[in-house]
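Novice: Turn this into a structure:
(one chain, ligands or ions: 1)
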Amino acid sequence: MFENTTTIITGGSEGLGKAAAKRISEGGGEVWLLARNSEKLQKAAAELNQGQDGDLVKWAACDVTSKESVDACIAQIKERSGTVTNLINCAGIWLQGSTADATTDQIKDTVMTNVVGAIHVTQGALPLIEQGHIINVVSLAGVEPDGNWSTYTASKYGLRGFTDSLRQELAGQKIKVVGFYPGGISTEFFVNAGLDTPPGQPWMMKVDDVAKVLVDLMLLPQDIIIEHLELRKFG
Ligand SMILES: NC(=O)c1ccc[n+]([C@@H]2O[C@H](COP(=O)([O-])OP(=O)(O)OC[C@H]3O[C@@H](n4cnc5c(N)ncnc54)[C@H](OP(=O)(O)O)[C@@H]3O)[C@@H](O)[C@H]2O)c1
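Specialist: The predicted model follows:
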């Protein structure tokens, strides 16, 4: 399914990114996991490579908020893999609470990670992609406003704007630009932001189910694209 392809996944060390990496590598595709924490990356790659032929899952420590860090990772990927087929911009952080209470650092981190980070990695990876996909993991928060998380919403509306504009920018090239808009997913996302909201909440979708839908977007016939896909928990 994914033989002879190389996919970069930011935020690939856990949650949705890791689940997508599992599916792609099980389908024979090479995957590069990018995230900040080397230990977690190493552990995730070792786990995904277990029982597979060859080490299809590779990793590089990368902070998407830093252009220098992204450029260094892309250089490593170029040297070891040559070309890239797909980029999944999945790295993201959550910020809940009122605008009045948010610190300047929290606001900056949220926007830098969720929007600027995706732009940095896209800019770096584009010269390596001749044909394939750029999938930006946005959120329903990029579609529906919510007064409880205005800054997070702003970051995801920004990512949506980038996604739809990039599609126009790349028109005529063989790169499908896709916006992926899931609702709540059962991961450590909220715990990682310091909230007492562990995975397994009734309103969350199973991470492997969401990863399946995400990865299937790359298996459509060559002349078909789903440009904008919203996923909601049903039932
Ligand atoms: N979970 C949900 O309910 C939900 C719903 C809708 C959309 N989403 C979106 O889905 C995406 C994945 O979420 P998830 O639930 O899988 O989250 P997660 O389990 O918290 O994973 C986040 C990943 O992003 C990486 N990351 C964070 N900041 C980074 C940075 N500056 N540079 C590089 N990597 C960074 C983390 O690794 P390090 O910390 O080691 O860097 C980790 O690998 C996010 O974009 C999120 O906004 C999530």
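Novice: What lies in contact with stretch 206-215?
Specialist: Stretch 206-215 has contacts (Cβ atoms under 8 Å, 6 or more residues apart in numbering) with 15-16, 19-20, 22-24, 27, 88, 135, 137, 180, 182, 185-187, 199, 229, 231. Yep, even glycine has a C-beta here, placed from its N, CA and C like the rest.
Novice: which residues are there in the protein that come within reach of the ligand?
Specialist: Contact residues (Cβ under 6 Å from any ligand atom) of the chain with the ligand: 10-11, 13-17, 35-37, 40, 62-65, 90-93, 113, 117, 137, 139, 182, 184-185, 187-189, 192.
Novice: Which of these are buried, as a PyMOL select command?
Specialist: For the buried members of the residues of the chain next to the ligand, the matching PyMOL selection, counting by 16 or more other Cβ atoms under 10 Å, is:
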select buried, resi 10+11+13+14+15+16+17+35+36+40+62+63+64+65+90+91+92+93+113+117+137+139+182+184+185+187+189
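Novice: Among the residues of the chain next to the ligand, which ones are in strands?
Specialist: 10, 35, 137, 182 (DSSP state E).
Novice: Hmm, Met205 is touching Lys233, no?
Specialist: Yes - the pair Met205 / Lys233 is scored as a contact, 5.2 Å apart, by Cβ atoms under 8 Å.
Novice: Leaving out the residues flanking it, which one is nearest to Phe189?
Specialist: Spatial nearest neighbour of Phe189, chain neighbours left out: Trp94 (5.5 Å); criterion: Cβ to Cβ, 6 or more residues apart in numbering.
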